[in-house]
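Participant: from the sequence below, what's the structure:
(3 chains)
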Amino acid sequence: MGEKTQPPLRRIYHRLLNRFGPQSWWPARTRFEVMVGAILTQNTSWTNVEKAIAELRRHRLLTPGALKNVSLKTLASLIRPAGYFNVKAKRLKHFVDFFFKEYDGRLERMIQEPWEDLRKKLLSVNGIGPETADSILLYALEKPVFVVDSYTKRILSRHNFLDPDADYQTVQEIFMKNLRLDVKMFNEYHALLVRLGKELCKSNPRCEVCPLNDINFDYKAFLEKNFFTGFTK
DNA sequence: GACCAGGCACATC
DNA sequence: GATGTGCATGGT
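Facilitator: The predicted model follows:
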């Protein structure tokens, strides 16, 4: 595709907020629960994750200590509804092991670390990639990091602000170099993009009713380009 | 029954 | 470095 112009990030944000209202993320009772949810929701719908979280809660496993002591087998069976349960059970274990090894299982120790250092450490944990790390940083620890996900890319590229296969860091920098590093706003912004993605920007989009439809977006050209090839990006 | 969902690691070229 | 594949359930 041709040259991309800089997306009007403030305008987009206010449009979304005006249309959908505050999303009050992350849906969780504790910081630790946010971190668990961040791993469980990898490539998985939140409704399925909720079922897994409910099971963990029912078994009183939503604390670092309890999760550390439960067997891998039991853990996997409880998080079944979240999908990829064998993989995710290991990932949760890797994460709690890391949490105890680095911070003695104490949130207050983790949260006082500069987020740039913490981010690097999180990324070194097997099973934690950039989106999961940033979700933990922003939503569990309230660090000013912008979370990029597939919806973010899809929405920006549909509106021709982004190459569809731009990498994570490129997309993240668009936001973090052009907005105030504001935890509350980053929280809301990402949640709003997910809301837009779920509601209107799915594989069968109705972009003519998208609240961003007049922001650098040629709906007719979009349809001509994508109608026979699918809308997945 | 196909397709999708708030990714990531690993193999292979 | 780019590209492909396995992981798995539940909703539409």
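
Participant: OK, contacts around A:E3?
Facilitator: By C-beta atoms under 8 Å, 6 or more residues apart in numbering, A:E3 lies in contact with nothing. Placement of C-beta: from N, CA and C, glycine included.

Participant: for it, give its distance to DNA strand C.
Facilitator: Per C-beta to the nearest atom of the strand, to the nearest Å, A:E3 is found 19 Å from DNA strand C.

Participant: helices of chain A, residue ranges please.
Facilitator: Assigned by DSSP state H, the helices in chain A fall at A:9-20, A:31-40, A:46-58, A:64-69, A:72-78, A:85-103, A:107-111, A:115-124, A:130-135, A:150-158, A:168-176, A:183-199, A:219-226.

Participant: which stretch in those is the model least sure about?
Facilitator: Lowest mean pLDDT of those: helix A:219-226, a mean of 78.

Participant: that one and DNA strand B, are they touching?
Facilitator: No - using C-beta under 7 Å from any atom of the strand, no contact is recorded between helix A:219-226 and DNA strand B, whose separation bottoms out at 11.7 Å.

Participant: any idea how far DNA strand C is from A:R109?
Facilitator: Applying C-beta to the nearest atom of the strand to A:R109 and DNA strand C gives a distance of 31 Å.

Participant: wait, doesn't that residue sit right on A:Y103?
Facilitator: Yes - A:R109 is within contact range of A:Y103, at 4.1 Å (criterion: C-beta atoms under 8 Å).

Participant: hang on, the earlier thing: any chance of the helices of chain A in CSV with distance to A:V209 and mean neighbour count as columns?
Facilitator: Shown next, in CSV, are those (distance: least, C-beta to C-beta, whole Å; neighbours: other C-beta atoms under 10 Å):
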stretch, distance to A:V209, mean neighbour count
helix A:9-20, 10, 15
helix A:31-40, 30, 22
helix A:46-58, 23, 16
helix A:64-69, 43, 15
helix A:72-78, 40, 15
helix A:85-103, 36, 18
helix A:107-111, 41, 15
helix A:115-124, 37, 15
helix A:130-135, 28, 22
helix A:150-158, 14, 21
helix A:168-176, 25, 17
helix A:183-199, 10, 19
helix A:219-226, 10, 12
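
Participant: not counting its neighbours along the chain, what's nearest the closest residue to DNA strand C within chain A?
Facilitator: Nearest residue of chain A to DNA strand C (C-beta to the nearest atom of the strand) works out as A:G83 at 2.5 Å. Using C-beta to C-beta, 6 or more residues apart in numbering and skipping residues adjacent in sequence, the residue nearest A:G83 is A:T44, 5.0 Å away.

Participant: quick check on that neighbour: phi, psi?
Facilitator: Reported as degrees, to the nearest 10, the phi and psi values for A:T44 are phi -140, psi 140.

Participant: quick one: closest of the helices of chain A to A:P144.
Facilitator: helix A:183-199 (5.1 Å; C-beta to C-beta).

Participant: mind giving me the packing neighbours of the closest one?
Facilitator: If contacts are counted by 3 or more C-beta pairs under 8 Å, 6 or more residues apart in numbering; DSSP states H and E, helix A:183-199 sits against helix A:9-20, helix A:150-158.

Participant: check whether that helix comes near DNA strand C.
Facilitator: No - if you take C-beta under 7 Å from any atom of the strand as the test, helix A:183-199 misses DNA strand C, and the best it gets is 10.4 Å.

Participant: got the CA coordinates for that helix in CSV?
Facilitator: Coordinates of the C-alpha atoms in helix A:183-199 are reproduced here as CSV (Å, rounded to 0.1, in the frame of the first residue of the first chain):
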residue,chain,number,x,y,z
VAL,A,183,-2.7,5.3,32.3
LYS,A,184,-6.4,6.0,32.5
MET,A,185,-6.5,7.0,28.9
PHE,A,186,-4.5,4.1,27.6
ASN,A,187,-6.7,1.8,29.6
GLU,A,188,-9.8,3.3,28.1
TYR,A,189,-8.4,3.6,24.6
HIS,A,190,-7.4,0.0,24.2
ALA,A,191,-10.7,-1.2,25.7
LEU,A,192,-12.6,1.0,23.2
LEU,A,193,-10.7,-0.4,20.3
VAL,A,194,-11.6,-3.9,21.4
ARG,A,195,-15.2,-2.8,21.7
LEU,A,196,-15.2,-1.3,18.2
GLY,A,197,-13.5,-4.4,16.9
LYS,A,198,-16.1,-6.8,18.4
GLU,A,199,-19.1,-4.8,17.5
